[in-house]
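Peer 1: Task: produce atomic coordinates for the following.
(2 chains)
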Amino acid sequence: MTDYKMMLAEAISGMTDISNEQVYELVEIPPKSSMGEYAFPCFTLAKTMKKSPQSIAIDLSESLIGKLDFIERTEVVGPYLNIFINRSIFCNDVTDHIVRMKDKIGSSDEGKGKTVLVEYSSPNIAKPFHIGHAFTTILGQAIYNLYKHLGYDVYRLNHLGDYGTQFGKLISAYKRWGNDEALAEQPIKELLRIYVKFHDEAKMDPSLDEEARFHFRNLEKGNEEEFGLWKLFRDLSIKEFDAIYRRLGITFDDMNGESFYSDKIPEIVSMLNDRDLLVESDGARVVMLEEFGLPPCIILKSDGTTIYASRDIAAILYRKRKYDFYKNIYVVGNPQALHFKQVFAVADKLGLDASGSCVHVGFGLVKFADMKFSTRDGNIILQEELLNECVGKTSEIIRKNREERQTDMSDAELSQIAEKIGIGAVIYTFCRNSRDRDIVFSWDEMLDFDGDSAPYLMYTYARCRSVLRKAKASDYDPADAVDGFNTKVTDEEFELIKYLHGFGDSIRKAAQAYEPYILVRQLNFIARAFNKFYNNRPILNCEDSELLASGLRICEASSVVLEQGMRLLGISPVERM
RNA sequence: GGGUCUAUAGCUCAGUUGGAUAGAGCAACAGCCUUCUAAGCUGUGGGUCAGAGGUUCGAGUCCUCUUAGGCUCGCCA
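Peer 2: Below you'll find the predicted structure:
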């Protein structure tokens, strides 16, 4: 496919004294399509050429005539040189490229030979998987997909919260109030029950906290009883998490949680000692970070046990050796921003160059309108509950549609489709906006399936597929439709194909910024443009064979891009709904 | 108090390195199913870009201050 912007930049560069790259950076897409497809602002040239921007634009406009065959015409509006692309050439080129690339559309080899690690999800063992975990899980998966698509060698790491003082508490609580039967039936529910009870009791009897620390010390020493219980809690929890991951279509390459790095901390401690970086402060061993403008980082607590920072530092060293990563991405909430700054700073002091390769991808809190989610207080929405609610509402809508449209959809197919759409709706909610913003959870918004939503994208895709199925049924293969855009391309068609053209760019930008919403917006524009097109002219029922060909080509290209875009987000498209 | 993020339409949000008349969705109102899926489409209304200064040909975007809010600031993760 032609790189239109690049060729334009080369042409303009040849007529001025600025480089290709500079021109490429300056070329922009005008705010309105009536102003053309590309625009070159002449402000910066005005300074060096000592001419008014407008006269420069006029000169450029004249010398550009006939230079490039895809340029239909140019227009000077004040200081801007607006460029209009030949619609036939562009539409044939772009749609042909998409139809040929299929699921490889928007992919690249920029990541060839580069290893990227994405750490995400990372729930705490023995605690319920609630919608607070959904953000990191969904965002992380999307980031994984994006980098994978760009050719990187990507590994998914689930850094389970399977260690720390809280397990001392859990062990203590279990020995006091645990119920084996309840644990076997609903492990996390039972563990949560005794965990909450422990906190209540500890308020009245502070010696419980001491008991918990005792058990954690034993656990870290490898004591059999504590280790056995910990292992049991861990195994049972993972089993429950797996059910959620399966529903979301997520698997991991590595489930090594915090516990895995515990025995790798002594090496970190001795490395720090070798460099004289470890100092004592109030009984704890810390690394001072004044030169980074950061507070000290605790490596060993005053009782000699490790802390999450030390485990994260050990993990960097371990991963560096195992993967020799190009990038190590942490999809973890914003509240931990300082923690990662400290961890990266300490790793830097150890010569691990963390600041050059480790990235904390933070995101906002999920909260109710008036309060925070708190596992301890029990005011949480479970991830499973959220998925079920969305799938349930979807089922109702499909059932109603099935009656109205009198389709032959079986109950089994209906529930399969509802599952995909409901889960798609959840995924979409966490990918639609920039990740920094807090999400105020609302069932109304969650269950709004109009407009800016996954069902809207999925519906559009299903429409495309329906038209294509009908075309095939009447022996028309859209792949045969070559050069369907010889006649006049309408504004609506051109608009849609321009959005399809921008798909690859949106993937690159989304990956670079770790912001799936950039891709989401592109898909939304595509869907809206397609629906407009779909509503305004018949595709199958048209006499003109060229119009039929171009219409089907648009359907084919749109469906390819929409499908691939949704898959990159983690949404499974459906053929009908 | 220090650090950090945020403030754009009634609500939820976009707005690339400063550039053309600040855009979507939802909600509201008015329309469109004898034609390929109405979870759709069309139209209307809706703005002192938190406030004040500054930088310049030009500021929602950059700088300073003020206000409001979120998160965070050593032995939890």
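Peer 1: Can you give me the distance of the nearest residue to residue A:519 once chain neighbours are set aside to residue A:572?
Peer 2: Distances taken as Cβ to Cβ, 6 or more residues apart in numbering place residue A:510 nearest to residue A:519, at 4.4 Å, with adjacent residues excluded. All C-beta spots, glycine's among them, are computed from the backbone N, C-alpha and C. From residue A:510 across to residue A:572, the span is 19 Å (Cβ to Cβ, to the nearest Å).
Peer 1: now for the host helix or strand of the residue nearest to residue A:519, which elements pack on it?
Peer 2: Using DSSP states H and E, residue A:510 falls within helix A:503-513. Helix A:503-513 sits against helix A:131-149, helix A:517-536, helix A:545-569, with contacts defined as 3 or more Cβ pairs under 8 Å, 6 or more residues apart in numbering; DSSP states H and E.
Peer 1: Give me the distance from the second one to the chain's centre.
Peer 2: Relative to the centre of its chain, helix A:517-536 is centred 19 Å away, using Cα atoms, centre = their mean, to the nearest Å.
Peer 1: do the same with the last one
Peer 2: Centroid separation between helix A:545-569 and its chain, computed with Cα atoms, centre = their mean, is 23 Å.
Peer 1: Give me the angle between it and helix A:131-149.
Peer 2: 120 degrees (axes from the mean of the first three to the mean of the last three Cα atoms, to 10 degrees).
Peer 1: And residue A:488, what's its pLDDT?
Peer 2: Looking at residue A:488, its pLDDT is 82.
Peer 1: which ones are touching the residue nearest to it when sequence neighbours are not counted?
Peer 2: Leaving aside its sequence neighbours, residue A:488 sits nearest to residue A:87 (Cβ to Cβ, 6+ apart; 7.8 Å). The contact partners of residue A:87, by Cβ atoms under 8 Å, 6 or more residues apart in numbering, come to A:72, A:485, A:488, A:489, A:494.
Peer 1: Tell me how far the helix holding residue A:510 lies from the chain's centre.
Peer 2: With Cα atoms, centre = their mean, you get 11 Å for helix A:503-513.
Peer 1: Need the CA coordinates for it. PDB is fine.
Peer 2: In PDB, the C-alpha atoms belonging to helix A:503-513 read as follows (Å, rounded to 0.1, in the frame of the first residue of the first chain):
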ATOM      1  CA  PHE A 503      -6.400   1.600  11.600                       C
ATOM      2  CA  GLY A 504      -2.700   0.700  11.500                       C
ATOM      3  CA  ASP A 505      -1.600   4.000  12.800                       C
ATOM      4  CA  SER A 506      -4.100   3.800  15.700                       C
ATOM      5  CA  ILE A 507      -2.500   0.400  16.700                       C
ATOM      6  CA  ARG A 508       1.000   1.900  16.700                       C
ATOM      7  CA  LYS A 509      -0.100   4.900  18.700                       C
ATOM      8  CA  ALA A 510      -2.100   2.800  21.200                       C
ATOM      9  CA  ALA A 511       0.900   0.500  21.800                       C
ATOM     10  CA  GLN A 512       3.300   3.400  22.100                       C
ATOM     11  CA  ALA A 513       1.200   5.200  24.700                       C
END
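Peer 1: Out of the helices and strands packed on helix A:503-513, the one nearest residue A:380 is which?
Peer 2: helix A:131-149 (7.4 Å; Cβ to Cβ).
Peer 1: Which positions in that closest one come out as buried?
Peer 2: Across helix A:131-149, burial judged by 16 or more other Cβ atoms under 10 Å covers A:131-149.
Peer 1: Also stretch A:14-22?
Peer 2: By neighbour count on 16+ other Cβ under 10 Å, the buried set for stretch A:14-22 is A:16, A:18, A:22.
Peer 1: for stretch A:311-329, same thing?
Peer 2: Those would be A:311-320, A:323, A:325-329, for stretch A:311-329 by 16+ other Cβ under 10 Å.
Peer 1: In those residues, find the pair that's most separated.
Peer 2: A:311 and A:326, at 22.8 Å, using Cβ to Cβ across these.
Peer 1: returning to what we had before: between residue A:510 and residue A:572, which has more neighbouring residues?
Peer 2: residue A:510 (24 against 17; other Cβ atoms under 10 Å).
Peer 1: From residue A:265, how far out is the more buried one?
Peer 2: Distance from residue A:510 to residue A:265, by Cβ to Cβ: 36 Å.
Peer 1: Same check on residue A:163?
Peer 2: Following Cβ to Cβ, the distance that separates residue A:163 from residue A:265 is 11 Å.
Peer 1: tell me, what's touching those two both at once?
Peer 2: residue A:311.
Peer 1: of those two, who's got more company?
Peer 2: residue A:163 (23 against 20).
Peer 1: re the thing from before, export the buried residues of stretch A:14-22 to TSV and tack on pLDDT?
Peer 2: Below are the buried residues of stretch A:14-22 laid out as TSV (pLDDT from 0 to 100):
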residue	pLDDT
A:16	87
A:18	86
A:22	87
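Peer 1: From those residues, which land in helices?
Peer 2: Among the buried residues of stretch A:14-22, DSSP state H puts residue A:22 in helices.
Peer 1: For the stretch 451-577 of chain A, what lies in contact range of RNA strand B?
Peer 2: A:451-453, A:455-456, A:459, A:462-463, A:465-467, A:470, A:509, A:517, A:521, A:524, A:528, A:531-532, A:534-541, A:575-577 (Cβ under 7 Å from any atom of the strand).
Peer 1: and what of the stretch 151-300 of chain A?
Peer 2: A:161, A:163-166, A:213, A:258, A:281-284, A:286, A:295-296, A:298.
Peer 1: Show the buried residues in those residues.
Peer 2: Members of those classed as buried by 16+ other Cβ under 10 Å are A:161, A:163, A:164, A:165, A:166, A:213, A:258, A:284, A:286, A:298.
Peer 1: still on that earlier bit, next step: the residues of the stretch 151-300 of chain A next to RNA strand B restricted to helices.
Peer 2: A:165, A:166, A:213, A:258.
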